[in-house]
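1. sequence plus the predicted model coming up.
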Amino acid sequence: MGRVENKVALVTGAARGMGRAHAVRLAAEGADIIALDQCAPVATLQYPLASRADLDETIRQVEAFDRRAIAVEQDIRDLDGMRTGVDAAVAELGGLDIVVGNAGICICAPWADMTPAMWTDTIDTNLTGAWHTVMVGAPHLVRRGGGSIILTSSVAGLKVQPYMVPYMASKFGVTGLTKAFAAELAKDNVRVNSVHPTGVTTPMGEGGLMDAMQAAIAANPRPAVAFTNMLPVDMLEAEEVANAVLFLASDEAKSITSLHMTVDAGATSL
Ligand SMILES: NC(=O)c1ccc[n+]([C@@H]2O[C@H](COP(=O)([O-])OP(=O)(O)OC[C@H]3O[C@@H](n4cnc5c(N)ncnc54)[C@H](O)[C@@H]3O)[C@@H](O)[C@H]2O)c1
């Protein structure tokens, strides 16, 4: 018996990185998966986003566990499009129990170099997209009599992470969304928690993001102390965050709501 046996989970940003890890981990423990990703680039980003081939690979890995998987190619910034795509997939799978709002982007630059487009892209994706994810997913969980929502924030949603003003604002926003939705959805037995990773090895860190980070540190080194982990590890693996998501999704966490769970090697406390 898996830890989320016969549940149905929606995972956003599921084509690669942590989203794929969440989808595969949940499938390994018995869940069917709705894997949503926009599979399209965003012009302001310093790294490429996922492709349709990436999303298809996630589907393949889920199906390898003999679970049902539906790919939804959709931008979380588009509420109506997201609702149409998710509702159709939920109808096909017979309901929804778990929502993992993981899709997100990160732009790194000194505060004075951030453009309005960078601000808008980050807030629309990370904060408004997370709100859309709950607005689309929660009604299905309420109909089911309960469920679990996990939103991906960051260490940057709990403490300073420099050179990313829009990202930090968006991730503190996700922390607030978690508290706000947890309070109102509790009466329907829907739990809402957030996870807060420190640096994780994913394709987000490929391309130019790390170069931009190094340039920002060189120009203004003092705030970079905030990136230090307490444990002697620089980067985590996506599966470590997936283990936390699985726990929060499962009935093992049935009395846990409004928790901001760090998976951060102690970074938030340092
Ligand atoms: N990698 C890290 O160090 C780190 C640390 C803390 C938090 N996070 C957060 O974890 C989450 C996952 O990050 P990751 O490192 O796996 O990144 P990633 O870039 O590897 O994966 C993100 C996925 O989200 C998708 N996506 C982006 N915008 C989308 C949109 N508008 N609609 C639908 N899909 C969209 C991308 O195509 C991609 O597949 C993000 O919310 C990120 O902010 C990452």
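-> That came through fine. Note that the structure is predicted; figures quoted are calculated from it, not measured.
2. only C-alpha atoms for contact and neighbour calcs from this point on.
-> Fine.
3. okay, Gly206: pLDDT?
-> Careful, residue 206 is Glu; it's not Gly. Looking at Glu206, its pLDDT is 88.
4. surely it meets Leu45?
-> No. Using Cα atoms under 8 Å as the test, Glu206 is too far from Leu45 to be in contact (11.3 Å).
5. what's the burial count for Ala265?
-> By other Cα atoms under 10 Å, the residues close to Ala265 number 20.
6. same thing with Pro116?
-> Neighbours of Pro116 under the rule other Cα under 10 Å: 10.
7. the more surrounded of Glu206 and Leu45?
-> Each of Glu206 and Leu45 has its neighbours counted (other Cα under 10 Å); Leu45 has more, 19 against 13.
8. could you look up the SS state of the spatially closest residue to that one that is not a sequence neighbour?
-> Excluding the flanking residues, the one nearest Leu45 by Cα to Cα, 6 or more residues apart in numbering is Ile107, at 6.1 Å. Classification of Ile107 by DSSP: H, G, I helix; E, B strand; the rest coil places it in coil.
9. dihedrals phi and psi, Ile107?
-> Reported as degrees, to the nearest 10, the phi and psi values for Ile107 are phi -120, psi 130.
10. pLDDT score for the closest residue to Gly30 other than its chain neighbours?
-> Setting aside the residues directly before and after it, Gly30 is nearest to Glu5 in space (Cα to Cα, 6+ apart), at 4.0 Å. In the prediction, the pLDDT value recorded for Glu5 is 98.
11. residues near Glu5, how many?
-> 15.
12. touching, it and Ala31? I think so.
-> Yes. Judged on Cα under 8 Å, Glu5 makes contact with Ala31 at a distance of 5.5 Å.
13. what ranges of the stretch 1-150 of the chain fall below the confidence cut-off?
-> Scanning the stretch 1-150 of the chain for pLDDT under 70 picks out nothing.
14. near the ligand, anything from the longest strand along the chain?
-> Using DSSP state E, we find that the single longest strand of the chain is strand 190-197. Yes. Using Cα under 6 Å from any ligand atom, strand 190-197 comes into contact with the ligand via Pro197.
15. partners of that strand in the sheet?
-> Here strand 190-197 is paired, per DSSP bridges, with strand 147-152 (parallel), strand 260-263 (parallel).
16. what secondary structure does the residue nearest to Gly30 sit in?
-> coil.
17. and it, what does it touch?
-> Glu5 makes contact with 29-31, according to Cα atoms under 8 Å, 6 or more residues apart in numbering.
18. what's the answer for Phe181, then?
-> With contacts defined as Cα under 8 Å, 6+ apart, Phe181 is in contact with Val192.
19. CA atoms only: put the one helix or strand it maps to into CSV for me.
-> Taking DSSP states H and E as the criterion, Phe181 maps to helix 165-185. Extracted C-alpha coordinates of helix 165-185, given in CSV (Å, rounded to 0.1, in the frame of the first residue of the first chain):
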residue,chain,number,x,y,z
VAL,A,165,13.7,41.6,-5.3
PRO,A,166,10.7,40.4,-7.4
TYR,A,167,11.4,36.7,-6.6
MET,A,168,11.6,37.4,-2.8
ALA,A,169,8.4,39.5,-2.9
SER,A,170,6.6,36.7,-4.8
LYS,A,171,7.8,34.0,-2.4
PHE,A,172,6.8,35.9,0.7
GLY,A,173,3.5,36.3,-1.1
VAL,A,174,3.2,32.5,-1.5
THR,A,175,3.9,32.2,2.3
GLY,A,176,1.0,34.6,2.9
LEU,A,177,-1.3,32.7,0.4
THR,A,178,-0.6,29.5,2.4
LYS,A,179,-1.7,31.0,5.7
ALA,A,180,-4.8,32.7,4.1
PHE,A,181,-6.0,29.7,2.2
ALA,A,182,-5.3,27.3,5.1
ALA,A,183,-7.5,29.4,7.4
GLU,A,184,-10.5,29.4,5.0
LEU,A,185,-10.3,25.9,3.6
